[in-house]
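Enquirer: Provided below for reference: sequence and predicted model.
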Amino acid sequence: KQTAARAQQAAGQAQGAADAAAGLAAKKAAELAAGPVAALPRTSQALGSSTCASTDACGSATTGTAADHTVQVGAECAGADCLTRTRGRAVYDGNTATADTTCTAAGAAGLCAASTQVGANEATAQVAAECAGSKGSTCEHSIAAESKQTSRTAGNKAVAKAECGSEGGAGAGWCQTTAVAETTDTQAMAAGGCQGSASSGCRFSYEAQSKDKAGKAAKASASAEGKGTTGAGQVATSAMAVAGNGQAQAQAQAACTGTAGVTCEHEFAASVKTEASAPGAKAKASAAGTGRGGTGGGGVVVAAGASAAPGQATAQASCAGTAGTQCRHAYSARAAASASAPGA
C-alpha cells in the first residue's frame, strides 16, 4: 500500500511539473507569436495568438477580419494556464492607433477570450480592446489613439490635435480621435474631436490663424481656437489686405464652434492708413476695427482713401463690423491757393 501511495504521489508531482512546464511553454510561445506589430505607413495591422499546452484537455482558436483601413483580431482558449494575446497598430500620416490584450487562464477549466480592433485614415484614428477570463484568470488590456494635422500657406496656419487612451484588467475600452487642418492663400480651417468609453482620457484642441498686409498701408489678422475633452469643434479664419494709388482696404473674419463643454475663443483686427500731397494740398485717412468673443464668429472691413492735386484734396475712411466690433476712423483734407500780379 505504501508503495502504491508513493507511486501515486510521484505521478501527481510529475503531472504538476508537466502542467507547469506546459504553461510556461504556452506563455513563451504566445509571446513570440504575438510579437511587435510593424508600423508600416498607411496600414492597419493586428495579430492574435492563442496557446494551449497541457496534458489535460485544452483548446485554442483565433479569428481575424480586415476592411478599408481597419482590422480586428480575436483569440480564445480553454485549459490550464492557456494564454491569449492580441495586438494591433494602425498608422495613416498623423493618425495612429494601438491596442494590446493579454489573458492567462487559471485552473484546469480556465477560459480566456480577447479581441483588438485598430484603424486609421486621413482624418481619424480608432481603437478598441476587450479582455475576459474565468475566475482567477489574469486579464490586461490597453488602448491609445492620436490624431495630429498641421497646414500652412502664406500667412495662414491651422493645427488640430486629439488623443485618448486607457488601460485596465478585465473589461473593454474604445475611443476615436479626429483632426483636420486646411489652409489657402487667404483662409485657415481646423477641426478636432474625440469620443470614447468611460475613462478613455479623451482630449482635443484646434486652432487657426490668418495674417496679411500690404506694405505699411493695410494689415489684417484673425485667430480662433477651441479645446475640449469629449466632443468636437471647428475654427475658421481669413484675412486680406490690399493697397495702392492712395487707396487701402483690409478685412478679417474669425469663428469658433463646438459641442457642449468645448471652450472657444476668437478675435480679429484690421487697419488701414493712407495719405497724399501736392503743391498746396494734403489729404490723409485711417480706419481700424477689432473684435473678439467666445463661441460664434465675427468680422470687420476697413477702407481709406486719399488723393491730392494742386489746390485740391479729398479723403474718406470707413469701418464696418459685426455686433460688438470696436470701430474708429478719421480723415482730413486741406487745400490752399494764392495768386499775385506785378504792382498789385
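Expert: Perfect, thanks for sending it.

Enquirer: Near Lys157, how many other residues are there?
Expert: Per other CB atoms under 10 Å, the neighbour tally for Lys157 reads 20. Bear in mind the C-beta positions are built from the backbone N, C-alpha and C, glycine included.

Enquirer: Let me see the backbone angles for it.
Expert: phi -140, psi 140 (degrees, to the nearest 10).

Enquirer: That one reaches Thr184, doesn't it?
Expert: No - using CB atoms under 8 Å, Lys157 makes no contact with Thr184, being 11.7 Å away.

Enquirer: okay, and for the stretch 101-250 of the chain, where does confidence drop off?
Expert: For the stretch 101-250 of the chain, not a single residue meets the criterion pLDDT under 70.

Enquirer: What segments of it are helices?
Expert: Assigned by DSSP state H, counting those that start in this stretch, the stretch 101-250 of the chain shows no helices.

Enquirer: residue contacts, the closest residue in space to Ala144 that isn't next to it in sequence?
Expert: Distances taken as CB to CB, 6 or more residues apart in numbering put Gly165 closest to Ala144, at 3.7 Å, once the chain neighbours are dropped. Gly165 sits next to 142-145, 175, 200-201 when contact means CB atoms under 8 Å, 6 or more residues apart in numbering.

Enquirer: hmm, try it at 10 Å
Expert: Residues in contact with Gly165 (CB atoms under 10 Å, 6 or more residues apart in numbering) are 97-99, 127, 142-146, 173, 175, 177, 196, 200-202.

Enquirer: swap in Ser277?
Expert: Applying CB under 10 Å, 6+ apart, the residues near Ser277 are 283-284, 306, 308, 313, 334.

Enquirer: pLDDT score for it?
Expert: Ser277 is assigned 94 on the pLDDT scale.

Enquirer: So what are the sheet partners of the host helix or strand of it and their directions?
Expert: Using DSSP states H and E, Ser277 sits within strand 263-278. Paired neighbours of strand 263-278 in the sheet (DSSP bridges): strand 218-228 (antiparallel), strand 281-293 (antiparallel).

Enquirer: deepest of those strands, which one?
Expert: With neighbours defined as mean count of other CB atoms under 10 Å, the strands paired with strand 263-278 peak in mean count at strand 218-228, which reaches a mean of 25.

Enquirer: next one: it to chain centre, how far?
Expert: 18 Å (CA atoms, centre = their mean, to the nearest Å).

Enquirer: do stretch 200-216 as well
Expert: 13 Å.

Enquirer: try stretch 236-248
Expert: Once both centres are worked out by CA atoms, centre = their mean, stretch 236-248 turns out to sit 32 Å from its chain's centre.

Enquirer: and it, which residues are buried?
Expert: The neighbour-count check on stretch 236-248 (16 or more other CB atoms under 10 Å) flags 236-243, 246-248 as buried.

Enquirer: Specify which member of those residues is nearest to Gly258.
Expert: When the buried residues of stretch 236-248 are compared for distance to Gly258 (CB to CB), Ala236 comes out closest, at 12.6 Å.

Enquirer: Identify all residues paired with the residue nearest to that closest one when sequence neighbours are not counted through a beta bridge.
Expert: Closest residue to Ala236 apart from its sequence neighbours, by CB to CB, 6+ apart: Met189 at 4.7 Å. Taking DSSP bridges as the rule, Met189 bridges to Glu182, Ala236.

Enquirer: Could you number the chain from 879 rather than 1 from now on?
Expert: Happy to do that; since the first residue is 879 now, the last one works out to Met1067.

Enquirer: pretty sure Met1067 is touching Tyr1084, no?
Expert: Yes - between Met1067 and Tyr1084 a contact is recorded at 9.2 Å, counting by CB atoms under 10 Å.

Enquirer: between these two, what contacts are shared?
Expert: In contact with both Met1067 and Tyr1084: 1036, 1038, 1058-1059, 1102, 1112-1113, using CB under 10 Å, 6+ apart.

Enquirer: Gln1131: which of the residues you listed is nearest?
Expert: Closest to Gln1131, out of all of the shared contacts of Met1067 and Tyr1084 and judged by CB to CB, is Ala1102, at 9.5 Å.

Enquirer: what sits against the closest one?
Expert: Neighbours of Ala1102 in contact, by CB under 10 Å, 6+ apart: 1066-1068, 1084-1088, 1111-1115, 1131-1135, 1142-1146, 1170-1171, 1175.

Enquirer: which residues does it bridge with?
Expert: Ala1086, His1144.

Enquirer: Likewise for Ala1186?
Expert: According to DSSP bridges, the residues that bridge with Ala1186 are Ala1191.

Enquirer: Next, Ala987: phi, psi?
Expert: phi -100, psi 20.

Enquirer: didn't Gly1199 look like it was pressed against Val1180?
Expert: Yes - contact status for Gly1199 versus Val1180: in contact at 8.6 Å, counting by CB under 10 Å.

Enquirer: what sits in contact with each of those two?
Expert: Joint contacts of Gly1199 and Val1180 (CB under 10 Å, 6+ apart) are 1129-1130, 1148, 1167, 1205.

Enquirer: so who does Gly1036 touch?
Expert: Gly isn't right for residue 1036; it's Ala. Ala1036 sits next to 1027-1030, 1058-1061, 1065-1069, 1084-1088, 1113-1115 when contact means CB under 10 Å, 6+ apart.
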